[in-house]
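Student: sequence and predicted structure are below.
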Amino acid sequence: MAIEILPTGADTSTPTRIVGLRCRGCGRSEPIGLSYVCPACFGPLEVEYDHEIVGRSLTRASIAARAPGIWRYFELLPVDAPPARGLPVGSTPLLAADRLGPVLGLDRLWIKDDTRNPSLSFKDRAVAVAAARAVEFGVEALACASTGNLAGATAAAAAALGLPAYVFIPADLEPAKVDHALAYGATVVPIEGTYDDVNRLCLEVADETGWGFVNINLRPFYAEGSKTLAFEIAESLGWRSPDVVVAPVASGAMFTRVVQGFRELADLGLIERRPIRFVGAQAAGCAPVATAWTAGTDVIDPVRAPDTIVRSLAIGNPADGRYVVALANESGGSIEAIEDETTASAIRDVARLEGIYPETAGGVTLAAAATARRRGVIRPGDEVVALVTGNGLKTPDARRLGMHDTAAGAGQPGLAPAIRPSLTAFERWLGDGA
């Protein structure tokens, strides 16, 4: 079958495919632009589509004929045309985790391995859409407030587009993530404080500079990129949905858009509409959404001082927190809080059993799947998809938490001592009980 490559830079939209922005709170309509908060009620703005028009060209057959990547679902993404430049994002594998599943108590487990994206995390999806819109708006620079993965994704996307990048981070961010953003030529601005402190500063900077902050004034477009996770899962499963989806929760934007993605596919008739339970995962040291869900409320009590190794999820006042609680409840799912040592153990398990090395958010997600199974949210025989959203090379020290010291060093089982380059030395080491 011939591969359909959508013409880059060409206007393939219709005037009404993208209707505009609509407030999630009060329903007020706003024109497309660098706006993200409803002027009437201060609720979040979201992109609205005309699904009747979308459905005229977006079919299973048309998608199958297109090149890999997120732009194969162009009609459900908020840009006027596929970008002329950008990184190859998306079409990451959905892998059967037949060895890990039984360890977690799951009968059928799939891992959506988004560590394969260009900057090694799912954030490339969201940033690709935001960056494409930023180019259409003519912004002079890309920027972000980041807990880590977004820093690298924004820097990489800006480099591919030839735009300057300004990345604002908590000053105590993991060094590997700082180096990652610097490698792409970004200006990294460390801020003394939490992510929420960083975000408040960036709100002011965005207003003053007019830069395209992917998760602030470009947020309605940025958030839409995460829907492509749902699109790819459904396509990989032969155009159907699983019983359960387990995903990490930071701001909650990704969680809500994955739910939306499955709903849009059902609205368009691309998949059968059937129940999906959604399970969210947070670190116990910063679990405002899990705490609210456990208490039976949608009032999110902010965490002022996060205390966890899972820096990528350490958002104390998540913007979409109450929506995450509502979606978990509506679907019969849950929001689980996971201790750091359990997260580290899950990282080791998936790496050892499936050859996938996740960062801390992936460990939280897989541990949450096991917790939800024990709770009964995940049932015997359920088909479960867990989202592994970032690569463990970004958080190399996390896996060692809770490991016993050995002669080779603290937390380094499996690391042999240095030996001389001779067979005799090797045999002596092997004979000593390696």
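Tutor: Perfect, thanks for sending it. Numbering: from 1, shown residues only.

Student: buried stuff in stretch 333-344?
Tutor: The neighbour-count check on stretch 333-344 (16 or more other CB atoms under 10 Å) flags 333-340, 342-344 as buried. (Glycine included, C-beta is placed from N, CA and C.)

Student: okay if I get the residues you listed as a markdown table plus distance to E264?
Tutor: Below are the buried residues of stretch 333-344 laid out as a markdown table (distance: CB to CB, whole Å):
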| residue | distance to E264 |
| --- | --- |
| G333 | 19 |
| S334 | 24 |
| I335 | 23 |
| E336 | 26 |
| A337 | 30 |
| I338 | 30 |
| E339 | 35 |
| D340 | 36 |
| T342 | 34 |
| T343 | 32 |
| A344 | 36 |
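
Student: how about JSON lines for those residues, with secondary structure and distance to I191 added?
Tutor: Output for the buried residues of stretch 333-344, formatted as JSON lines (DSSP: H, G, I helix; E, B strand; the rest coil; distance: CB to CB, whole Å):
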{"residue": "G333", "secondary structure": "coil", "distance to I191": "34"}
{"residue": "S334", "secondary structure": "strand", "distance to I191": "33"}
{"residue": "I335", "secondary structure": "strand", "distance to I191": "28"}
{"residue": "E336", "secondary structure": "strand", "distance to I191": "30"}
{"residue": "A337", "secondary structure": "strand", "distance to I191": "26"}
{"residue": "I338", "secondary structure": "strand", "distance to I191": "27"}
{"residue": "E339", "secondary structure": "coil", "distance to I191": "28"}
{"residue": "D340", "secondary structure": "helix", "distance to I191": "24"}
{"residue": "T342", "secondary structure": "helix", "distance to I191": "30"}
{"residue": "T343", "secondary structure": "helix", "distance to I191": "25"}
{"residue": "A344", "secondary structure": "helix", "distance to I191": "27"}
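
Student: can you tell me which of those residues is closest to P93?
Tutor: Using CB to CB, T343 comes nearest to P93 of these, at 23.0 Å.

Student: ok, now how distant is that closest one from G210?
Tutor: Counting by CB to CB, to the nearest Å, the gap from T343 to G210 is 39 Å.

Student: shaky segments in the stretch 151-300 of the chain?
Tutor: Within the stretch 151-300 of the chain, no stretch has pLDDT under 70.

Student: just the strands in it please.
Tutor: 165-170, 187-191, 212-213, 244-248, 277-283 (DSSP state E, counting those that start in this stretch).

Student: compile those strands into TSV and extend it with columns for mean neighbour count and distance to P302.
Tutor: Below are the strands of the stretch 151-300 of the chain laid out as TSV (neighbours: other CB atoms under 10 Å; distance: least, CB to CB, whole Å):
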stretch	mean neighbour count	distance to P302
strand 165-170	23	16
strand 187-191	16	18
strand 212-213	29	21
strand 244-248	29	18
strand 277-283	28	13
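
Student: in TSV, list these along with distance to V178.
Tutor: Below are the strands of the stretch 151-300 of the chain laid out as TSV (distance: least, CB to CB, whole Å):
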stretch	distance to V178
strand 165-170	7
strand 187-191	6
strand 212-213	19
strand 244-248	21
strand 277-283	20
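
Student: perfect, that will be all.
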